[in-house]
Structures are given as structure tokens and as C-alpha cells.
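Trainee: predicted model and sequence below, questions to follow.
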Amino acid sequence: MFENFDFDVIARSWQTLIFQGLAFTAQVTLLAMVGGIILGTLLAMMRLSSIKPLSWVAAGYVNGLRAIPLVLVIFWFYFLVPYIGAWMIGSSTPIKVGAFTSALITFILFEACYYCEIMRAGIQSIPAGQANAGYALGMTYWQVMAQVILPQAFRNMTPVLLTQTIVLFQDVSLVYIISLPDFVTIASKIAQRDGRLIEMYLFVAVVYLAICLLLSYWVKRLQARIAIVR
């Protein structure tokens, strides 16, 4: 099976693939994770708000965006963000956003929907008596959330948040459709240049498999450690 397999193309290209392509993928993943968790936490608080219109807006956003394939959202934002930005600042011409910024905005807005549901479950897992105790001490709603509820919710949901981040790491490969230099895009260009599609795509699959298995094992260990602390 491997008699015609060209290992040399991997040996020649692995540094470019890892230090440029994989590094770019990791950068987008980390930035989107931070932005997504922040926005997702705000959305979760909106969904749990006693102000019904606020809750409805958040629920509509989360459920609506999750119903659309991510690849379409990336494609739409790539073309629509320049026009939306121009509309927001009152410009007559589309603003220059760039593929990277457009993709990052897309991932933050899209992943926030999933982080929102994770955080909402985490917040609801905290007994209501703790919030009531905070109010009894004279704390405001925001103080109770920031000092009592959210720290515990984050601890409870950390393994699930990290698991969703692993999914995000895989989803970043979809920036291939707008030609951003991620791991898959660079591998594809090398494969087409050297005529070695099997070697390149197999190498990409092995790297993704190794990283995701390693991260999943680490998350599992972290989850067990948190469970012991409880």
C-alpha cells in the first residue's frame, strides 16, 4: 500500500505546515475561544434574565445562528462584514476588513452560541440559595454573578468548555474556503504543487488525530481532578 508513498514530501514540508499552518490554526482557535467565552457568558446571562425581551433576543440569536452551517456563516461574513461595517460608520463604500478579521469575527459570534448554552447550564447548576445569600448580604446582581455564581460555573463547566474548544480547533479548517493560510490550506497547496495529495492529507489527518486525542485525554484528566476536589 505504501510502496509509492513519498515520505520525502512530508520531510520537506513539515516545518512550514507546523510553524505556519498549525500555528495560524492555533492562533485563531485561542482568539475565538476567548472572545466566544466572553460573548457566550453575556448571552447566557441574557437568556437567564428576568427581562423577557432580553431573554428572547438572546435565545433567538443562539438558536438562529446554530441552525445555519458554519461554512455558510464564514462565507457570508467574508462578503457581508465590509458592507455592515460601512453601514455602521455611515460610509458609502465597503470598509476593508480582511479575511482574517472576518473569519475571527465569524468564529467568535458562532462559537459564542455554544459557549452560551454551556455557561447557561453551569450557572443553573449553582444552587439558588447561594445567590439569595449574596443578595441578603447587600450584593448587587452583577456582584453576585461576578463573585459568587460565575467562578463556580466556570469551574464546573471548564471540561465542557475545553471540549467545545477542541471542536473549534477542528472547525478552523473551514477557513480553507476563503484561502486563509491555516494548516489544511497550506497542506492543500503543497499537495497540489507536488502532486502528492494522499501524503499531505494523510499527514494532516494524523496530526489532527494526535492533537485532539492528546487534548481530550488532558480534558478527561482535568475533569477527574475537578471531581475529586468536589
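Mentor: Noted; the coordinates are in hand.

Trainee: give the other helices and strands that the biggest helix by length in the chain contacts.
Mentor: Among all segments of the chain classified by DSSP state H, the helix with the greatest residue count is helix 197-229. With contacts taken as 3 or more CB pairs under 8 Å, 6 or more residues apart in numbering; DSSP states H and E, helix 197-229 sits against helix 7-16, helix 150-171, helix 183-194. Backbone N, C-alpha and C define where each C-beta goes, glycine included.

Trainee: report the buried residues of the longest one.
Mentor: What it means is helix 150-171. Of the residues in helix 150-171, 150, 153, 156-166, 168-169, 171 count as buried by neighbour count, 16 or more other CB atoms under 10 Å.

Trainee: how about residue 4, secondary structure?
Mentor: coil (DSSP: H, G, I helix; E, B strand; the rest coil).

Trainee: burial measure for it, as a count.
Mentor: Using other CB atoms under 10 Å, the number of residues around residue 4 comes to 7.

Trainee: quick one: contacts for it?
Mentor: By CB atoms under 8 Å, 6 or more residues apart in numbering, no residues touch residue 4.

Trainee: what do you get for the one 10 residues further on?
Mentor: Taking CB under 8 Å, 6+ apart as the criterion, residue 14 is in contact with residue 203.

Trainee: Provide the contact partners of stretch 153-167 at residue level.
Mentor: Contact partners of stretch 153-167, identified using CB under 8 Å, 6+ apart, comprise 29, 33, 37, 111, 114-115, 118-119, 121-123, 125-126, 212, 215-216, 219-220, 222-223, 226.

Trainee: buried subset of those residues?
Mentor: Buried among these by 16+ other CB under 10 Å: 29, 33, 37, 111, 114, 115, 118, 119, 122, 123, 126, 219.
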